[in-house]
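Chemist: generate a structure from the sequence data that follows.
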Amino acid sequence: MLTVSKDLIETINKHVEEAYPEEGAGFLIGVAGEVKKVLALPNARENEARHNRFLITPEDYLEAELTADKHGLSLIGVFHSHPDCPNVPSEYDREWAQPFFSYIITRVDKGNAVNSRSWRLVEDRSSYEEEEIKIM
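Modeler: Numbering: from 1, shown residues only. Down below sits the predicted model:
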């Protein structure tokens, strides 16, 4: 289970709505399945692919790790949006996913965040398992 405050869900929703019609993305920072902070990022993917792909740069990862360390937390996952399509992981998402991370995918329809689901990559990297999100 992944625990996220209502305020942080609203922060994620705002970021992905502002990114629409492109994918928005960022990091989940926390501890033991509890998101304490989110770090929204610009989509570094080339312009023509941003509508259905996001890219997180090595510099983004470094910034996230430093932010987590500064607060005594860990990098525990990634969030991103799926504009106008289901919020289930794509094959592309699976190929780039890291084990042990939580992946929140928010469906954004016509510029409005509809709902969020969380996923974890199974150990053999063959698929995802859905993870319950508890909003507090």
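
Chemist: for the closest residue to Asp84 other than its chain neighbours, name its beta-bridge partners.
Modeler: Among residues not flanking Asp84 along the chain, Asp109 sits closest, at 5.8 Å (Cβ to Cβ, 6 or more residues apart in numbering). For glycine as for every other residue, the C-beta is placed from the backbone atoms N, C-alpha and C. In this structure, Asp109 bridges to Asn112 when assessed by DSSP bridges.

Chemist: please apply the same query to Val35.
Modeler: Beta-bridge partners for Val35, by DSSP bridges, are Gly30.

Chemist: so it sits against Ile12, correct?
Modeler: No: with contacts counted by Cβ atoms under 8 Å, Val35 stays clear of Ile12, the gap being 9.2 Å.

Chemist: quick one, what contacts the spatially most central residue of the chain?
Modeler: Taking Cα atoms, centre = their mean as the criterion, Phe79 is the residue nearest the geometric centre of the chain, at 0.7 Å. When the contact criterion is Cβ atoms under 8 Å, 6 or more residues apart in numbering, the partners of Phe79 are 12, 16, 25-28, 38, 103-106, 116.
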